[in-house]
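>>> take this sequence and fold it.
(one chain, ligands or ions: 2)
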Amino acid sequence: MNVQKVMVVGAGQMGSGIAQVCAQAGYNVILHDLKDEFLQRGVNVISKNLNRQVEKSRLSEDEKKEILSRIKTTTSLEDAKEVDLVIEAAVEKMDVKISIFKQLDEMTNEHTILATNTSSLPITEIAAATKRPEKVIGMHFMNPVPVMKLVEIIRGLATNNETYKVIEDITKKLNKVPVEVNDFPGFVSNRVLMPMINEAIYTVYEGVATPEAVDEVMKLGMNHPMGPLTLADFIGLDTCLYIMEILHEGFGDDKYRPCPLLRKYVKAGWLGRKTGRGFYTYE
Ligand SMILES: CC(=O)CC(=O)SCCNC(=O)CCNC(=O)[C@H](O)C(C)(C)COP(=O)(O)OP(=O)(O)OC[C@H]1O[C@@H](n2cnc3c(N)ncnc32)[C@H](O)[C@@H]1OP(=O)(O)O
Ligand SMILES: NC(=O)C1=CN([C@@H]2O[C@H](COP(=O)(O)OP(=O)(O)OC[C@H]3O[C@@H](n4cnc5c(N)ncnc54)[C@H](OP(=O)(O)O)[C@@H]3O)[C@@H](O)[C@H]2O)C=CC1
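Numbering: from 1, shown residues only. Ligands and ions are numbered 1, 2, ... in the order given. This next block holds a predicted model:
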């Protein structure tokens, strides 16, 4: 199958990054979100990233304009009828994803592949909400999308080889490296990463150290590019909490219980960088 047009659902930090790399690779992109203001915010982030590349002389002004012209925005999911591939990057909640996939299944052409950028939710369950589970797949990008090389690819129980191959090829065209993993809660990336972040939050909660000290230990001691609490703020504390809840429920093992401090911050609306406050404050 020759994919030419892609819809990205959700214009948050992941959706805008995915739209950017798809447009840079030459695909025509429709970026969807619930409100125009979210779309505008997403396009602004993309413009800023491309401007940085122009400043570094990696892109010309004309190339930047051409990339931006390949991205259209919409608040109507029905525009998915025009595309060959949808990559969903809305919030990490099963009920939201099921509702989006049901609608997409009704609206899109028979050949259209429906991919999800979920961090941890079962692909098989999302696929079962559609009448085309063989064309549903996990395509898990890492944050920040324009920089990170990995895409975890996850087949649901019914995903067919053709769908896998198309997604693997597109990942390479986006200049990223595909790694196939099986459909278990958190896949590989978040099954390993998120308990470390949760444990770092416990060390703050239990008064073992300040967030700054925890981050310094992991940066200088383990050569991590960001400390775990800076990374949690970067990912979004709501997303971190949803992922821990999915691991906890999915494995039924208390070693995945989310730290009460993480719950408290999310309840307070301290979601990290995107709301200006998390373990740290941001302008
Ligand atoms: C939750 C999930 O489901 C899965 C996940 O995504 S988990 C999160 C995975 N991501 C990580 O672990 C990121 C860890 N952090 C890092 O790798 C680095 O800190 C970083 C790449 C984000 C920044 O790197 P740095 O060296 O500290 O900063 P800096 O020198 O400013 O940036 C390096 C490059 O990244 C680019 N960059 C940094 N942040 C960016 C962003 N938010 N968007 C786009 N580009 C960005 C910069 O422009 C720069 O590009 P060039 O080298 O081409 O000039
Ligand atoms: N943050 C990260 O580091 C990573 C996240 N992911 C996954 O990517 C997905 C998105 O995460 P992220 O970009 O960080 O989240 P954000 O909160 O930044 O963005 C989510 C966007 O989706 C919108 N949205 C919510 N519901 C719908 C809907 N029904 N239809 C269309 N758009 C909707 C949100 O609007 P509103 O603001 O109104 O809710 C928001 O603009 C999640 O599944 C997450 O687990 C994957 C890899 C890394």
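>>> residue contacts, Ser189?
Counting by C-beta atoms under 8 Å, 6 or more residues apart in numbering, Ser189 makes contact with Ser119, His140, Met142, Leu150, Glu152. No exception for glycine: its C-beta is placed from N, CA and C like everyone else's.
>>> just the buried positions in stretch 39-59, please.
Across stretch 39-59, burial judged by 16 or more other C-beta atoms under 10 Å covers Leu39, Arg41, Gly42, Val43, Val45, Ile46, Asn49, Leu50, Gln53, Leu59.
>>> for this structure, what spans make up the strands?
5-9, 28-32, 71-74, 85-88, 113-116, 136-141, 150-155, 177-181 (DSSP state E).
>>> Throw the ones you listed into JSON lines and include mean neighbour count, thanks.
Output for the strands of the chain, formatted as JSON lines (neighbours: other C-beta atoms under 10 Å):
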{"stretch": "strand 5-9", "mean neighbour count": "26"}
{"stretch": "strand 28-32", "mean neighbour count": "23"}
{"stretch": "strand 71-74", "mean neighbour count": "18"}
{"stretch": "strand 85-88", "mean neighbour count": "26"}
{"stretch": "strand 113-116", "mean neighbour count": "26"}
{"stretch": "strand 136-141", "mean neighbour count": "26"}
{"stretch": "strand 150-155", "mean neighbour count": "21"}
{"stretch": "strand 177-181", "mean neighbour count": "14"}
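>>> among those strands, which is nearest Pro228?
Smallest distance to Pro228 across the strands of the chain (C-beta to C-beta): 18.2 Å, for strand 150-155.
>>> spell out which parts of the stretch 151-283 of the chain neighbour ligand 2.
Residues of the stretch 151-283 of the chain lying near ligand 2 by C-beta under 6 Å from any ligand atom: Ile235, Gly236, Thr239, Lys274.
>>> which of these are buried?
Neighbour counting with 16+ other C-beta under 10 Å marks Ile235, Gly236, Thr239, Lys274 as buried within these.
>>> do you know how far the third one is from ligand 1?
Read it as Thr239. Note on Thr239: its distance to ligand 1, by C-beta to the nearest ligand atom, to the nearest Å, is 6 Å.
>>> can you list the weak-confidence ranges in the stretch 101-250 of the chain?
Across the stretch 101-250 of the chain, nothing is flagged by pLDDT under 70.
>>> where exactly do the helices run in it?
123-128, 161-173, 189-205, 211-222, 228-235, 237-251 (DSSP state H, counting those that start in this stretch).
>>> as TSV, the residues of the stretch 151-283 of the chain next to ligand 2 with distance to Ala268 would be great.
Output for those, formatted as TSV (distance: C-beta to C-beta, whole Å):
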residue	distance to Ala268
Ile235	17
Gly236	14
Thr239	16
Lys274	14
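>>> which one of the residues you listed is nearest Pro258?
For these, the nearest to Pro258 is Thr239 (12.0 Å; C-beta to C-beta).
>>> does the closest one really touch Glu92, like I thought?
Yes - if you go by C-beta atoms under 8 Å, Thr239 and Glu92 touch, sitting 5.4 Å apart.
>>> now for the two: what residues contact both?
Ser119.
>>> up against ligand 2, what does the stretch 1-150 of the chain have?
9-15, 32-34, 38, 89-92, 96, 100, 117-119, 141, 143.
>>> could you rerun that using 8 Å?
Counting by C-beta under 8 Å from any ligand atom, the positions of the stretch 1-150 of the chain adjacent to ligand 2 are 9-17, 32-35, 38, 41-42, 77, 88-92, 96-97, 99-100, 116-121, 140-143.
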